[in-house]
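Novice: Could you look at this predicted model? Sequence included:
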Protein chains: 2
Amino acid sequence: MRHLIAEVERGGRVESRHYGSVAIVDASGRDVLTLGDTSLAVFPRSTVKPLLALPLVESGAASRLKLTDAELAVICASHNGEEAHTQTVAGILQRVGQSVACLECGAHWPLGDKACHDLAAQGGHPSALHNNCSGKHAGLICLALDQQLDPENYVSPDHPVQQQVTAVLATMTDAVYDAQHRGMDGCSMPTYAIPLRQLALGFARFGASDMLEADRGKAAARLRAAIAAAPFMLAGTGRFDTRLITHFGRRVFCKMGAEGVMVAALPDVGLGIAIKVEDGANRAAEVALAALLQKIPTLTGSDEDQTFLASLSCAPLKTGTGGKSAASAHLKPSAGYRFFQAEPNPGLVKA
Amino acid sequence: MRHLIAEVERGGRVESRHYGSVAIVDASGRDVLTLGDTSLAVFPRSTVKPLLALPLVESGAASRLKLTDAELAVICASHNGEEAHTQTVAGILQRVGQSVACLECGAHWPLGDKACHDLAAQGGHPSALHNNCSGKHAGLICLALDQQLDPENYVSPDHPVQQQVTAVLATMTDAVYDAQHRGMDGCSMPTYAIPLRQLALGFARFGASDMLEADRGKAAARLRAAIAAAPFMLAGTGRFDTRLITHFGRRVFCKMGAEGVMVAALPDVGLGIAIKVEDGANRAAEVALAALLQKIPTLTGSDEDQTFLASLSCAPLKTGTGGKSAASAHLKPSAGYRFFQAEPNPGLVKA
């Protein structure tokens, strides 16, 4: 049931192999492509951050707080901890009269290498603002305060805002969210294991605003527009999600999650995608999504799109600079990774 | 043929899985344990650095240059780029009248997080000394100069020192080293794909000095003693190899390589070990070696050894500090990872 997804090639040989599963569904719940075992429950991790942001927007809280595109995008982000990210999160907290002290995500050095070096060069140390999840946490604090709730312990499954966002996850993905499916994410928030195809369904619906209840549909469209307008805020310098959305704008939404999870919403063709790399390698999930998108000619058929996706689907592995090994190895889609040849679909996508 | 090696567990569920192969052989070439496909050719990457250092020692060059334990250990290292590492490599180059300019490995930011932050905090930028392979490169330059050879282009397969170290690899591992098996490593040196069991054989022999030709055997013993005396130099703060050898001293030698390769030499029980994690994840190779060592009671039967190995074979995954997620997930040996129950061996190891 496991599907070969991506391979590292060195010296004309396969050095490493990544296996995983892929689900593509439309917003009505029809399976468009199934590779591997998509009934397998996976922890979506950070991929669902945009779904967690829906209540903030559909409740009107985001409008009342006049949250900008950049602020909404960073609320959905796993960001690099670059200065623009931390300042944007700090600005959200300031808007609601709070400080970094109310963030319950913990601190870590910025995900982004340059952000890390810059922070150290300034004699700085990471705060909770640098945590890649700080935007999500700030969003939940906003949601609590808009409802005159005490935000303290907003990471607990019992807190009213957790119950609200979990209810939205359940209606978007038609999956079960209970204590038996619960784990704790790296930032202390709950994460719930759900079947991969239900995760894909959630993002098919996220991309199909007109098929959702009115307020929910408007909120999803607002979040997608905000992220398309401020893709840097979703991840940062050099990151896959930022590069992909910077190129495609509103045509492609994507979001990575830790341990090799990736989702996408393709509003123009009405599809949602969810990928889980079995071994947890995000490098393979990125290559897999780029390779998948290359096979949807109605969406990415232009030479410009194909050239761009080819650059993302074959990633050079490079240790340093100044040596002679620039092209010594690549991560690339497996030769066995024939999505639409394996399961041709007469509809939206083809081989 | 693939063997489940390690799993990430979160919320009582398996989140990610790592597969791979394991070869354990003795110095006479007898297979003691075979899991997965050990005839598969893998790139050993940095695991063979100690074998590459043999000519420097057995030729007498190391003695003529009065190389210390720390210097020999850093020549075998994939180091963190901490100040002690870069100063030791700089000292070797100075000894032979060379500077950082002759290193052909290229530069990268230190592997070690703290070393990285410290360098940035000093306003510094990485040089070739910070490259985790800089010691290996310095060793080859020493070897060339000791023979009155021009070190320039010592990374080329055609350079006399490359031919010497490749000949040593061939006699240690009984494998084929030719252009068809060659790839380029991240530091611009050649790396040759060889069967995993041949890699294990090379390290069984590395640990069995008395079974090697006299000068070779003395050189292997000298390198193992140097690394046991200066395990920090082999890797650095917090690193698996350094922690393992700091605990076991001369009883256990190990060395990681990129893309999920790990080797070990166990002189007291006459075994060599080679592990390749199929997906290239070093985290799984570390857990696998620790779990393997736990199952060799004649070597690691004491409570102290078992407690130490248990701490290495179950590794918490943690994103930040200050949050509540300290124990949210672990990487641990798979429940299916029953080495010596699967293939009981009446000799040196048992279930």
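Specialist: On my side now, so go ahead.
Novice: which strand is the longest one in chain A?
Specialist: What stands out as the longest strand in chain A, according to DSSP state E, is strand A:13-26.
Novice: Check the average confidence over it, would you?
Specialist: For strand A:13-26, mean pLDDT rounds to 95.
Novice: what packs against that strand?
Specialist: For strand A:13-26, the packing partners by 3 or more Cβ pairs under 8 Å, 6 or more residues apart in numbering or on different chains; DSSP states H and E come out as strand A:3-10, strand A:31-35, helix A:196-207, strand A:271-277, helix A:282-294. Every residue, glycine included, has its C-beta placed from N, CA and C.
Novice: Report the inter-axis angle for it versus strand B:271-277.
Specialist: 40 degrees (axes from the mean of the first three to the mean of the last three Cα atoms, to 10 degrees).
Novice: between the helices and strands packed on strand A:13-26, which gets nearest to residue A:86?
Specialist: helix A:282-294 (22.2 Å; Cβ to Cβ).
Novice: Give me the next element, helix or strand, following the closest one.
Specialist: Beyond helix A:282-294 in the direction of the C-terminus, DSSP states H and E gives the next helix or strand as helix A:297-300.
Novice: mean confidence for the helix or strand that that next one is followed by?
Specialist: Downstream of helix A:297-300, the first helix or strand assigned by DSSP H and E is helix A:303-313. For helix A:303-313, mean pLDDT rounds to 95.
Novice: helices and strands around helix A:303-313, which ones?
Specialist: helix A:240-248, helix A:282-294, helix A:297-300.
Novice: can I have that helix written out in CSV, keeping just the CAs?
Specialist: Extracted C-alpha coordinates of helix A:303-313, given in CSV (Å, rounded to 0.1, in the frame of the first residue of the first chain):
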residue,chain,number,x,y,z
ASP,A,303,5.7,26.7,-20.2
GLU,A,304,6.3,29.2,-17.4
ASP,A,305,4.4,27.1,-14.8
GLN,A,306,6.1,23.9,-16.0
THR,A,307,9.6,25.4,-15.9
PHE,A,308,8.9,26.7,-12.4
LEU,A,309,7.5,23.4,-11.1
ALA,A,310,10.4,21.5,-12.6
SER,A,311,12.8,23.7,-10.6
LEU,A,312,10.9,22.7,-7.4
SER,A,313,10.5,19.0,-8.2
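Novice: Next SSE downstream of that helix?
Specialist: Following helix A:303-313 in sequence order, the next helix or strand is strand A:315-317 (DSSP H and E).
Novice: who does that next one pair up with?
Specialist: strand A:329-333 (antiparallel) (DSSP bridges).
Novice: Please point out which parts of the strand or helix carrying residue A:221 sit buried.
Specialist: Using DSSP H and E, residue A:221 falls within helix A:214-229. For helix A:214-229, a neighbour-count test (16 or more other Cβ atoms under 10 Å in any protein chain shown) marks A:216-217, A:219-229 as buried.
Novice: Output it as CSV - backbone C-alpha positions only.
Specialist: Output of helix A:214-229 as CSV, limited to C-alpha atoms (Å, rounded to 0.1, in the frame of the first residue of the first chain):
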residue,chain,number,x,y,z
ALA,A,214,-22.0,31.5,3.3
ASP,A,215,-19.9,32.9,6.3
ARG,A,216,-17.5,29.9,6.1
GLY,A,217,-17.1,30.3,2.4
LYS,A,218,-16.3,34.0,2.7
ALA,A,219,-13.9,33.3,5.5
ALA,A,220,-12.0,30.7,3.4
ALA,A,221,-11.9,33.0,0.4
ARG,A,222,-10.6,35.8,2.7
LEU,A,223,-7.8,33.7,4.1
ARG,A,224,-6.8,32.4,0.7
ALA,A,225,-6.7,35.9,-0.7
ALA,A,226,-4.7,37.1,2.3
ILE,A,227,-2.1,34.4,1.9
ALA,A,228,-1.9,34.9,-1.9
ALA,A,229,-1.2,38.6,-1.2
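Novice: Give the other helices and strands that the next helix or strand after it contacts.
Specialist: Where DSSP H and E defines the elements, the next helix or strand beyond helix A:214-229 is helix A:231-234. Counting by 3+ Cβ pairs under 8 Å, 6+ apart, the packing neighbours recorded for helix A:231-234 are helix A:69-75, helix A:83-95, helix A:240-248.
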